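# dropping a prediction and its sequence here:
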Amino acid sequence: MKNVFEYAEACLHNTSIDEKLVLTHQAWQASQNDQLSYLTSLSVLSIERVIFPKEPLLLAPRDMPKRKLGSSEGITAFFHAIAHVEFIAIYLAWDILYRFRGMPKQFYLDWLKVADEEAQHFELIRTHLQSMNMNYGDLPAHNGLWDHAKDTANDLLARLALIPRCMEARGLDVTPAIIEKFKQLDDQASVAVLNRILTDEIEHVERGSYWFKWLCEQQNLDPEAKYCQLIGQYYQGGKPKGPFNRELRIIAGFSHKELNWLDNKPYEITENF
């Protein structure tokens, strides 16, 4: 019986995109067939050992060229950027599963499911890009998401706050408006891909919320206060800028207090962190 952490190590420490996708789908299927072990005897390698493919070229976010959706080049660049986000999301799901041991089995099942769905998203977008005569890796990309993972490599609460409950949650805010733009362009293929991603991402953020609150409860922490403290500590600039999609964020496990704090609306928190 294969071990989930062996799968994770293989996915995080090789450069083959296609092998990573195959292993991710195999691991999820094994979990569904009750053929996956969750024994944690495997040691954890430093996050600095994680490796990525040679392409795309990774730039700092400020060095990325600016493109708009009003041109065909802008549309392909947009989907290349989304492909990169989904590709890094595969790493993020595997890394949270691999790096943080001693959690309930359901934690590992949840993030394995996320990894499998992120791999599906990447495959959908890569195929969509190929229909526009572009391959993933043809354009540069930025690695801001992974920088956040490295910053939180030793703190599961910080990882949950910063990745699913901050960076990934931004997709809930911006994707509906982007879908509307593609509807106006009568680009039904793009609408279908983005709708699929948005539907799954709501659940991914919700899993982040669930485990963040669960861990706070285990540590006798106020989850709302802890969330605000961690975002203020780790997010450059103190907190992300809105507007925020309150409806989708509530579905994904945010509280009204958290959303009021993000929106700079007054509320009282318990200083329990």
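Received the coordinates, thanks.
# low-confidence regions, the stretch 51-200 of the chain specifically.
Counting by pLDDT under 70, the ranges of the stretch 51-200 of the chain that qualify are 67.
# quick one, helices of it?
Using DSSP state H, counting those that start in this stretch, the helices of the stretch 51-200 of the chain run over 72-99, 105-131, 144-151, 156-162, 169-184, 188-218.
# distance check, K2 against K213.
From K2 across to K213, the span is 31 Å (Cβ to Cβ, to the nearest Å). Just so you know, the C-beta spots here come from the backbone N, C-alpha and C atoms, and that holds for glycine as well.
# when the two are compared, which one has more neighbours?
K213 (18 against 14; other Cβ atoms under 10 Å).
# surely the more buried one touches E224?
No - if you go by Cβ atoms under 8 Å, K213 and E224 don't touch, sitting 9.4 Å apart.
# could you chop the chain up by domain?
For the chain, the structural domains run 1-142, 155-273, going by automatic domain parsing.
# can you redo these as a markdown table with distance to A149?
Shown next, in a markdown table, are these (distance: least, Cβ to Cβ, whole Å):
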| stretch | distance to A149 |
| --- | --- |
| domain 1-142 | 6 |
| domain 155-273 | 7 |
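# nearest to H148, out of those domains?
H148 lies closest to domain 155-273 among the domains of the chain, at 5.1 Å (Cβ to Cβ).
# can you give me how far the closest one is from the chain middle?
Centroid separation for domain 155-273 versus its chain: 11 Å, with Cα atoms, centre = their mean, to the nearest Å.
# stretch 129-137 too?
Centroid separation for stretch 129-137 versus its chain: 22 Å, with Cα atoms, centre = their mean.
# first to last residue in it, what's the distance?
One end of stretch 129-137 sits 11 Å from the other (Cα to Cα, to the nearest Å).
# tell me which residues of it are tucked away?
L129, M134, Y136, G137 (16 or more other Cβ atoms under 10 Å).
# the last one and N3, how far apart?
For G137, the distance to N3 (Cβ to Cβ) stands at 31 Å.
# W28 now?
Here W28 is placed at a distance of 14 Å from N3 (Cβ to Cβ).
# with neighbour numbers in mind, choose between the two.
Using other Cβ under 10 Å, the more surrounded residue of W28 and N3 is W28, with 22 against 16.
# which elements pack onto the helix or strand where that one lies?
Here W28, judged by DSSP states H and E, is contained in helix 17-32. In terms of contacts (3 or more Cβ pairs under 8 Å, 6 or more residues apart in numbering; DSSP states H and E), helix 17-32 is packed against helix 4-12, helix 72-99, helix 105-131.
# and the longest one, how far from the chain's centre?
This means helix 72-99. Worked out by Cα atoms, centre = their mean, helix 72-99 lies 8 Å from the chain centre.
# tell me the contacts of D151?
Contact analysis of D151 by Cβ atoms under 8 Å, 6 or more residues apart in numbering lists A158, L162, Y234.
# could you rerun that using 7 Å?
By Cβ atoms under 7 Å, 6 or more residues apart in numbering, the contact set of D151 is Y234.
# V85 and E168, how far apart?
Computed with Cβ to Cβ, the distance linking V85 and E168 is 9 Å.
# equivalent analysis for I231, please.
As defined by Cβ to Cβ, I231 lies at a distance of 13 Å from E168.
# burial measure for K241, as a count.
Here the number of neighbours of K241 (other Cβ under 10 Å) works out to 10.
# which SS state does it fall under?
For K241, the assignment made with DSSP: H, G, I helix; E, B strand; the rest coil gives coil.
# phi, psi of it?
Dihedral pair for K241: phi -100, psi 150, per degrees, to the nearest 10.
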